[in-house]
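Undergrad: got a sequence here, can you build the structure:
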Amino acid sequence: MSAFLGALIKVFVWIVPVILLIKFVEKKSPLSFLGLKEDFRRGLVWACWISLLLVSYFIVQNLILTQSEWDFNLGFDKWLNVIILVGITEEIVFRGFLLKKLMQRITFWKANTITAFLFLTIHFPIWYRNGLFESPGILLTCMNVLIIGFIFGVIYKKTNSLWSVIIIHSVYNLCISIFM
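TA: Model prediction:
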């Protein structure tokens, strides 16, 4: 499948339904509802600081603990579909829409926990396809994604900007692509 076709599928499966739900069911502006309009500057500041911490963590971890090869040859498909679009699509769905909708009915902490678990489960099909479930590290991987999903929710709540978690998610995926 071409990179562009993969990107189009992500947009039409993940983003378009959310935008249509917000526009026609919620009867609200999708950009405002999702947190893509308000507090952009605050979200950008948080994203920059946390991204700097993430990159530093991955560099230190790689230099001291794993000492694995760094792979900067990522290719167009990985840049478009893993690094850029995954951050946008998953954050629009999980933090921008689901977390916000759940918070209308239950507390933030419960909503964030549910969203983090849902975020974890959407990774299962690709992990299954890649044979990760046969890996001894699958439990650690699951815990890592669950915690990251939970932290993304806290950052989204704190910044009131979806841009913060979109950028951080993309930087995280970039680090995983380079260092793992």
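Undergrad: need the three-state assignment for the residue in the chain sticking out farthest from the centre.
TA: Distance from the C-alpha centroid of the chain peaks at residue 64, with 26.6 Å (Cα atoms, centre = their mean). Under DSSP: H, G, I helix; E, B strand; the rest coil, residue 64 falls in the helix class.
Undergrad: list the contacts for it?
TA: Residues counted as contacts of residue 64 (Cβ atoms under 8 Å, 6 or more residues apart in numbering): none. Backbone N, C-alpha and C define where each C-beta goes, glycine included.
Undergrad: cool, residue 78 as well?
TA: Residue 78 is in contact with residue 177, counting by Cβ under 8 Å, 6+ apart.
Undergrad: which stretches in this protein count as helices?
TA: 3-10, 16-20, 30-34, 40-61, 75-77, 85-91, 100-103, 108-121, 124-129, 138-159, 162-179 (DSSP state H).
Undergrad: the second one - contacts with which helices or strands?
TA: Using 3 or more Cβ pairs under 8 Å, 6 or more residues apart in numbering; DSSP states H and E as the contact definition, the elements that helix 16-20 packs against are helix 30-34.
Undergrad: list the buried residues of the helix it packs on.
TA: By neighbour count on 16 or more other Cβ atoms under 10 Å, the buried set for helix 30-34 is 30, 33, 34.
Undergrad: how about the last one: what's its closest non-neighbour residue?
TA: Put plainly, it is residue 34. Closest residue to residue 34 apart from its sequence neighbours, by Cβ to Cβ, 6 or more residues apart in numbering: residue 96 at 3.6 Å.
Undergrad: surely that neighbour touches residue 18?
TA: Yes: at 7.3 Å, residue 96 counts as touching residue 18 under the criterion of Cβ atoms under 8 Å.
Undergrad: which neighbours do those two have in common?
TA: Counting by Cβ under 8 Å, 6+ apart, the contacts common to residue 96 and residue 18 are residue 34.
Undergrad: next one, pLDDT for residue 30 please.
TA: Note on residue 30: pLDDT of 97.
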